[in-house]
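Chemist: this one's sequence-less:
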């Protein structure tokens, strides 16, 4: 095996295979693609990976990924500061931005409470969220953690902390129900239950 | 959209998305994984990509990927020089090495004849293969191009060139039939046809 593959090839396959969702076969395929590709393609990728780590940091307000101290959304005076969508990860910000009907601000928790993985409220940006609510004119928090036990536990913790703060803030969660294009026949019981509970007037 | 994502993040997502089989969603996932991962993981990957292009070249005998002038397999005196497996790509060498029952040498064509893509015999390492046969004591070529029109056309071209050379060389192709674990019921007609044609005594 090793004879058929030089060290620099094995090293890159190993490196690719450390990425999530990339198995050894995909890692080989990517590596051999780069072997054949123009040097410029490989150099651009290599450079982009380094730049990512060198240039990015977390926004000092919302903890989204940014290249400056404060991110573009937090600096945008057009956005409504009174409403904050609280999300688990930076990619969730993108998902909400894509929806196109949210003009508030964000707060990225960087995870969810997960006792199994040793992640409690201290490991998340919950203290910073409470501080934002305490210091600012926030009227609503849309808790946009993923549906499920961990997202629910995180939402409850935030509710608990806000209660302790004693400030009047409206707390909401993203609606749960049938996704667009779903087939009721194949929907899981929990989804149908939530769709019934949250039914809307026609 | 762009406001939620700094330039260095977009750049890496774009770069990942240029890899085969990596769509925009996977590219985002990989990028955000690297954002969270230790800097060392990103640096190792970045470095491995550069090293791949800087260190590797093609073996001057078999045209497999190597870090030296002549690859390990071509330099290995234990391997049988009289039998050469002719493959399309370096990854095919790995596949045959994994099988564990081939002790001959290789010749990597770097593609197959494909008029649609403008690839004729001149773009492949066919001339170099004929030269190896002409100059060496080769007794058998196992044409291991993939089954299918292009692999078959490439095999026929090699046969034609060898006929012109007028040297006595045994030409074989890899057997075709049912793969291990296959279900006859679901096998395609061409595979079953080939399995019948190539049936072996019990």
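Modeler: Structure's in. What do you need? Bear in mind that the values here come from a model prediction, so they are computed numbers and not experimental data.

Chemist: residues making contact with stretch A:117-125?
Modeler: A:63, A:107-113, A:127, A:154, A:157, A:161 (Cβ atoms under 8 Å, 6 or more residues apart in numbering or on different chains). All C-beta atoms are positioned from the backbone trio N, CA, C, and that covers glycine.

Chemist: buried residues in that stretch?
Modeler: A:119, A:121, A:124-125 (16 or more other Cβ atoms under 10 Å in any protein chain shown).

Chemist: I'd like the contacts of stretch A:117-125 as CSV, with secondary structure and distance to residue B:28 appended.
Modeler: CSV is the format used below for those (DSSP: H, G, I helix; E, B strand; the rest coil; distance: Cβ to Cβ, whole Å):
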residue, secondary structure, distance to residue B:28
A:63, coil, 18
A:107, strand, 20
A:108, strand, 15
A:109, coil, 19
A:110, coil, 16
A:111, coil, 18
A:112, coil, 19
A:113, coil, 24
A:127, helix, 28
A:154, helix, 22
A:157, helix, 28
A:161, helix, 31
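
Chemist: Taking the centroid of chain A, which residue is nearest it?
Modeler: residue A:89 (1.8 Å; Cα atoms, centre = their mean).

Chemist: Tell me the buried residues in the lowest-mean-pLDDT helix or strand in chain A?
Modeler: Counting by mean pLDDT, DSSP states H and E, chain A has its least confident helix or strand at helix A:189-197, which shows a mean of 86. For helix A:189-197, burial by neighbour count (16+ other Cβ under 10 Å) applies to A:191, A:194-195.

Chemist: residues contacting residue A:14?
Modeler: Listed by Cβ under 8 Å, 6+ apart, the contact partners of residue A:14 are A:27, B:48.

Chemist: Can you tell me which of the contacts of stretch A:117-125 are buried?
Modeler: Here, 16+ other Cβ under 10 Å leaves A:63, A:107-113, A:154, A:157 buried among the contacts of stretch A:117-125.

Chemist: Out of those, the closest to residue A:173 would be?
Modeler: Top of the list for closeness to residue A:173, among the buried ones among the contacts of stretch A:117-125 and by Cβ to Cβ, is residue A:154 at 10.8 Å.

Chemist: Check the gap between the closest one and chain B for me.
Modeler: Shown here: residue A:154 relative to chain B, a distance of 18 Å by Cβ to the nearest Cβ, to the nearest Å.

Chemist: from the buried residues of helix A:189-197, which is closest to chain B?
Modeler: residue A:191 (21.8 Å; Cβ to the nearest Cβ).

Chemist: Distance of that closest one relative to residue B:77?
Modeler: 65 Å (Cβ to Cβ, to the nearest Å).

Chemist: Equivalent analysis for residue A:153, please.
Modeler: From residue A:153 to residue B:77 the distance is 65 Å (Cβ to Cβ).

Chemist: neighbour count winner among the two?
Modeler: Applying other Cβ atoms under 10 Å in any protein chain shown to residue A:153 and residue B:77 shows that residue A:153 carries more neighbours, namely 16 against 5.

Chemist: Could you measure from the closest residue to the more buried one other than its chain neighbours over to residue B:165?
Modeler: Closest residue in space to residue A:153, ignoring its immediate chain neighbours: residue A:113 at 4.8 Å, by Cβ to Cβ, 6 or more residues apart in numbering or on different chains. Counting by Cβ to Cβ, the separation of residue A:113 from residue B:165 is 72 Å.

Chemist: With residue A:51 instead?
Modeler: 53 Å.

Chemist: Over to residue A:95?
Modeler: Residue A:95 sits at a distance of 62 Å from residue B:165 (criterion: Cβ to Cβ).

Chemist: Give me the domain ranges for chain A.
Modeler: Chain A breaks down by automatic domain parsing into domains covering A:7-55, A:61-201.

Chemist: of all those, which lies closest to residue B:18?
Modeler: With respect to residue B:18, and counting by Cβ to Cβ, the nearest of those is domain A:7-55 at 6.4 Å.

Chemist: need the contact list for the residue nearest to the centre of chain A.
Modeler: Here residue A:89 is in contact with A:108, A:110-111, B:32 (Cβ under 8 Å, 6+ apart).

Chemist: And the furthest pair within those?
Modeler: A:111 and B:32 (12.6 Å).

Chemist: Span of stretch A:113-132 from start to end?
Modeler: 20 Å (Cα to Cα, to the nearest Å).

Chemist: now do stretch A:123-141
Modeler: Stretch A:123-141 end-to-end distance (Cα to Cα) = 20 Å.

Chemist: And it, what's buried?
Modeler: For stretch A:123-141, burial by neighbour count (16+ other Cβ under 10 Å) applies to A:124-126, A:128-130, A:132-133, A:138, A:141.

Chemist: Turn these into a markdown table, including secondary structure and pLDDT.
Modeler: Compiled in a markdown table, the buried residues of stretch A:123-141 are given as follows (DSSP: H, G, I helix; E, B strand; the rest coil; pLDDT from 0 to 100):
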| residue | secondary structure | pLDDT |
| --- | --- | --- |
| A:124 | coil | 94 |
| A:125 | coil | 95 |
| A:126 | helix | 95 |
| A:128 | helix | 96 |
| A:129 | helix | 96 |
| A:130 | helix | 95 |
| A:132 | helix | 95 |
| A:133 | helix | 95 |
| A:138 | coil | 94 |
| A:141 | strand | 94 |
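
Chemist: ranges for the helices of chain A?
Modeler: A:7-17, A:24-36, A:39-55, A:72-75, A:90-99, A:126-135, A:149-165, A:189-197 (DSSP state H).
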